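Asks: predicted coordinates and the sequence they were generated for:
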Amino acid sequence: MPLRDLAFAGRTLRKSPIFALTAALTIALGVGASTAIFSVTNAVLLRALPYKDPDRLVIAASDLRKRNVRDFPFSNEDFIDMREGTKDAFQDLAGVFTFRNILLKDDGTPEQVRSAVVTTNFFRLVGAKIVLGRDFTDADGMPQPPAPPGAQPGVPTAPPLPIMAILSYEYFQRRYGLNPSVIGQAMITNGPFRPQIAGVLAPAFQLYFPSSANVEPVPEVWLANRLGYDNANRNGVSIHAVGRLRDGVSLERAQAAADNVAAEARKNFLIERTAGYAIRVELMRQHLVSEVRPAILALMGAVVFLLLIACANVANLLLVRASLRERELAVRAAIGASWWHLARQMLTEAFLLGAIGALGGLALAWLGIHELLVIAPANLPRLDTIRIDSVVLAFTALAGVLAATIFGLASAWRASRPNVMNVLRGTSRNEGLASGGPLRKLVVIAEVALSFVLLIGSGLMLRSFRELQRIDPGFDPHGLLTFQVLGNRGGTKPEERAAFMHQIQDRLRGITGVQGVAASFPFPLAGDFSPIRWGTEEALSDASKFQAVDFQIVLPGYFETMRTPLIAGRTFTDADNVPGRNLVVIDQLLADKAFPQQSAIGQRILIRIRTPEAEWVEVIGVVAHQRDESLAERGREQVYFSDAFLGSGAVRQWAIRTGSDAAKYGGDIRAAIKAVDSHLLITEMQPMETLMERAQAGTRFSLLLIGVFAVIAAVLASVGLYGVLATVVRQRTAEIGVRMTLGAGPGQIFNLIVGQGLRLTAIGVAAGMVAAFALTRGMTTMLVGVKATDRVTFTTVAVVFFLISAIACWLPARRAANLDPTMALREE
């Protein structure tokens, strides 16, 4: 555009500072919100993963379709079979799993270290760089030598091969002060293994898996996996598989190769056949965001609506401004200005406003991103990469240009068509003002419709959040303090470990104010659950009847401390927590499924957890179902074992119940644990309410953002409606004066104006309702306990919107009702 037009636009806007400021702030709100959410979308959904050629990386996940289990880890044997059977599709296939390990410092004090076990090709596959020492070699992954025939179990027959380790750069810096002489040294653990340090990774290397995979994103120590192959051990699962597609191989071809491997496994092995074993291949980036994509897309849709509403609001302002400048535009047209020149001038003003609004929006986005990082749920992938980069800046610029185009076109079209003769004769004041009325009303209807959709989304999220808070988790979280105890379990024999657990339990019970002590593994809402097999007698003859169930290992007193309701029978006692007692407690869901219409107490079920084949266990109690992995979903059925059932010492998550503020007992807990063994490590101490809040974080995040956007949208729509009605009152001043002269009362005039506003609202709400019915279906996976087409939400939002509209109509209607008819006619 010519600089002269730009200069003229600047001068024109300076003469109307209130208009310019209002329009620029409106656009800044829309652009700022859009930019802030796009920065999340860019980091999580769009930006390439920081690996070599990331678009060729895939995740191969195991599904047990007959047991309704997705993303199940692979056993060593299934992983090796898949690696060998898909060589035509994959350039390479690597495996990884993570855990928390205990290492001892030089002074013997323990520290918890995030650890990963990877196949030796893992770093080469993803393109990770080694900055010191060397990468793993094939020799580092050779399996440990098998025991010779007749060897006594547990007695070593040959020196074990060393476990090789690679350190993260950050751990190398923190633990060893960047000292290169540590290469080749052994690390001291609380067990028999002494990993040898082979190398150091480049800084900032991370793993990228969805939160449900329970994979540590930033391991500190990486260990080479000495993969063995033993068909008798196909039930031991742990490995997550990462593959790289060969050049020219499509995802569909890789999936076909994986399907063939899975079919062969189902043919040859009973457990794979009865479980409905399948392999699913997904691009790594898609797999990473599968859980959060619906929420992010919903938020992105919300801010696009908000930006459109802001554009509509500014378009209304510009249309009013064009009407008020009709005499100026007519004069310019009369002396030779073309329609294109007039339209170009209005577009220049629009683009100048758009540029100012985009700059303001960028500043608001910068502030908004910092707030987003504070409230964002911890399971949001790549949270630390959310920032304003060149892509986000380009989006901001594009948003500003598109916004200016959208709100500028209407005023440009209106300004390019002045009625020159009527304006110059002085007969077009009413006509000129009214001529843009239909277009402005259409813009207001669009604002109302878009705002209604946003308010519906906000209302659905609010109802979901309320439903989430009402959910009974199956225990009482108030007054519970949870923590992990890691380290040596007191000995190699079950009875030594059992005595050790009793010591810890007794010490914790002895703390003044402690009402109960619970210990288990896994722990509700801590994210460590995995299923095992269960079945009734019919599963003996038909193994496909085995189903998946979540399990917990608990010490006696667990249910009483957690205040999980006992429905039938009894819970574990100390007499049950001894070897040889095949007793279990099950939840109500499993009891109803296994023994419908009858008591589960004294009944037997088949369980496979400690032996290759399922074994019988007796049900002694039925308790309420606990929400173990998520508050939003009911989860699988549950079975509980005593600690001694698996050899004692398996529990590691503890909780104490107190009658007051549980957090103040932290010091007493640490002292009690250290009195048993000073080398034990106490980690992740937090109130149970924190785990509950974490489980609600995703819903709260979406609710807060969509709610804020909806409120802004409703305000903008109300302002737009007010502006149109205020203009209508100015347009119809003479008409109102005539009506009042002929006998119309203030109440009739008031109702006339309010009625016009509510008619616009009704049309907008009707259009918004149709759009909301279609669009909110995409929110289904985000909602808890409420349907996307919830009648209560739709009705409530419609009523609220009419109330907001009535308030917006009140002031213009009051002004019209208070007009002096004589003054109104004289003014016209």
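Replies: Yep, that arrived.

Asks: that's a helix at Ala265, yeah?
Replies: Yes: with DSSP: H, G, I helix; E, B strand; the rest coil as the criterion, Ala265 is part of a helix.

Asks: tell me who's in contact with Arg497.
Replies: Residues in contact with Arg497 (CB atoms under 8 Å, 6 or more residues apart in numbering) are Arg489, Gly490, Gly491, Gly647, Ser648, Gly649. Using the backbone N, CA and C atoms, a C-beta is placed for each residue, glycine as well.

Asks: kindly report the same for Ala213.
Replies: Going by CB under 8 Å, 6+ apart, Ala213 touches Asp71, His240.

Asks: that one and Val113: what is the separation?
Replies: Distance of Ala213 to Val113, computed by CB to CB, to the nearest Å: 20 Å.

Asks: let me see the domain layout of the chain.
Replies: According to automatic domain parsing, the chain is divided into the following domains: 54-148+156-288, 449-472+696-828, 488-678.

Asks: as JSON lines, those with mean pLDDT and distance to Leu373 would be great.
Replies: JSON lines is the format used below for the domains of the chain (pLDDT from 0 to 100; distance: least, CB to CB, whole Å):
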{"stretch": "domain 54-148+156-288", "mean pLDDT": "90", "distance to Leu373": "16"}
{"stretch": "domain 449-472+696-828", "mean pLDDT": "81", "distance to Leu373": "11"}
{"stretch": "domain 488-678", "mean pLDDT": "90", "distance to Leu373": "22"}
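
Asks: so which of those is nearest Leu364?
Replies: Set against Leu364 and scored by CB to CB, the domains of the chain come closest in domain 449-472+696-828, at 11.4 Å.

Asks: re the thing from before, quick check: which of the domains of the chain is nearest to Asp384?
Replies: With CB to CB as the criterion, Asp384 lies closest to domain 54-148+156-288 of the domains of the chain, at 8.7 Å.

Asks: just list the residues touching Thr699, thanks.
Replies: Thr699 makes contact with Met461, Ser464, Phe465, Leu468, Ala632, Met782, Val784, according to CB under 8 Å, 6+ apart.

Asks: hmm, try it at 6 Å
Replies: Residues counted as contacts of Thr699 (CB atoms under 6 Å, 6 or more residues apart in numbering) are Ser464, Phe465, Leu468.

Asks: so which bits of the host helix or strand of the second one are buried?
Replies: Counting by DSSP states H and E, the element that carries Phe465 is helix 437-470. Taking 16 or more other CB atoms under 10 Å as the basis for neighbour counts, the residues of helix 437-470 that come out buried are 437, 439-465, 467-468.

Asks: what of stretch 491-508?
Replies: In terms of neighbour count (16+ other CB under 10 Å), stretch 491-508 has its buried residues at Pro494, Arg497, Ala498, Phe500, Met501, His502, Gln503, Ile504, Gln505, Arg507, Leu508.

Asks: and which of the residues you listed is nearest Ala714?
Replies: Nearest member of the buried residues of stretch 491-508 to Ala714, counting by CB to CB, is Leu508, at 52.5 Å.

Asks: isn't there a helix covering the closest one?
Replies: Yes: according to three-state DSSP, Leu508 belongs to a helix.

Asks: in space, what's closest to it - neighbours in sequence excluded?
Replies: Spatially, and ignoring its direct neighbours in sequence, Leu508 is nearest to Val517 (4.6 Å; CB to CB, 6 or more residues apart in numbering).

Asks: do Leu775 as well
Replies: Nearest residue to Leu775, sequence neighbours excluded (CB to CB, 6+ apart): Val453, at 6.1 Å.

Asks: I'd say that neighbour and Gly768 touch.
Replies: Yes: with contact defined as CB atoms under 6 Å, Val453 counts as touching Gly768 (5.2 Å).

Asks: tell me the secondary structure at Thr98.
Replies: Applying three-state DSSP: Thr98 is strand.

Asks: centroid residue for the chain?
Replies: The centre of the chain sits closest to Val292, judged by CA atoms, centre = their mean, with a distance of 4.2 Å.

Asks: isn't Gly479 up against Thr658?
Replies: Yes: counting by CB under 6 Å, Gly479 does reach Thr658; the two are 5.3 Å apart.

Asks: still on that earlier bit, could I get the contacts of Thr699 as CSV with distance to Asp107?
Replies: Output for those, formatted as CSV (distance: CB to CB, whole Å):
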residue, distance to Asp107
Ser464, 51
Phe465, 48
Leu468, 46
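
Asks: nearest to Gly248 among these?
Replies: For the contacts of Thr699, the nearest to Gly248 is Ser464 (45.1 Å; CB to CB).

Asks: how near is the closest one to Thr793?
Replies: As judged by CB to CB, Ser464 and Thr793 stand 10 Å apart.

Asks: then Asp506?
Replies: Here Asp506 is placed at a distance of 53 Å from Thr793 (CB to CB).

Asks: and what of Thr405?
Replies: Separation of Thr405 from Thr793 (CB to CB) stands at 34 Å.

Asks: these two: which is more packed in?
Replies: Neighbour tally, Thr405 and Thr793, criterion other CB atoms under 10 Å: the higher count belongs to Thr793, 24 against 15.

Asks: can you tell me the element the more buried one falls in?
Replies: Using DSSP H and E, the element containing Thr793 is helix 791-817.

Asks: that helix vs helix 437-470, what angle?
Replies: Counting by axes from the mean of the first three to the mean of the last three CA atoms, to 10 degrees, helix 791-817 lies at 140 degrees to helix 437-470.

Asks: any idea how far helix 791-817 is from the chain center?
Replies: Centroid separation for helix 791-817 versus its chain: 35 Å, with CA atoms, centre = their mean, to the nearest Å.

Asks: give me the helices and strands touching that helix, please.
Replies: If you count contacts as 3 or more CB pairs under 6 Å, 6 or more residues apart in numbering; DSSP states H and E, helix 791-817 packs onto helix 437-470, helix 688-731, helix 746-775.

Asks: okay, strands next: where are they in the stretch 151-300 of the chain?
Replies: Assigned by DSSP state E, counting those that start in this stretch, the strands in the stretch 151-300 of the chain fall at 164-167, 196-201, 221-224, 237-245, 277-283.

Asks: quick one: strands adjacent to the last one?
Replies: Using DSSP bridges, strand 277-283 pairs in its sheet with strand 57-64 (antiparallel).

Asks: can you lay out the strands of the stretch 151-300 of the chain as JSON lines showing mean neighbour count?
Replies: Output for those, formatted as JSON lines (neighbours: other CB atoms under 10 Å):
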{"stretch": "strand 164-167", "mean neighbour count": "25"}
{"stretch": "strand 196-201", "mean neighbour count": "20"}
{"stretch": "strand 221-224", "mean neighbour count": "24"}
{"stretch": "strand 237-245", "mean neighbour count": "23"}
{"stretch": "strand 277-283", "mean neighbour count": "21"}
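
Asks: need those in JSON lines (columns: distance to Val738).
Replies: Shown next, in JSON lines, are the strands of the stretch 151-300 of the chain (distance: least, CB to CB, whole Å):
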{"stretch": "strand 164-167", "distance to Val738": "88"}
{"stretch": "strand 196-201", "distance to Val738": "84"}
{"stretch": "strand 221-224", "distance to Val738": "86"}
{"stretch": "strand 237-245", "distance to Val738": "78"}
{"stretch": "strand 277-283", "distance to Val738": "70"}
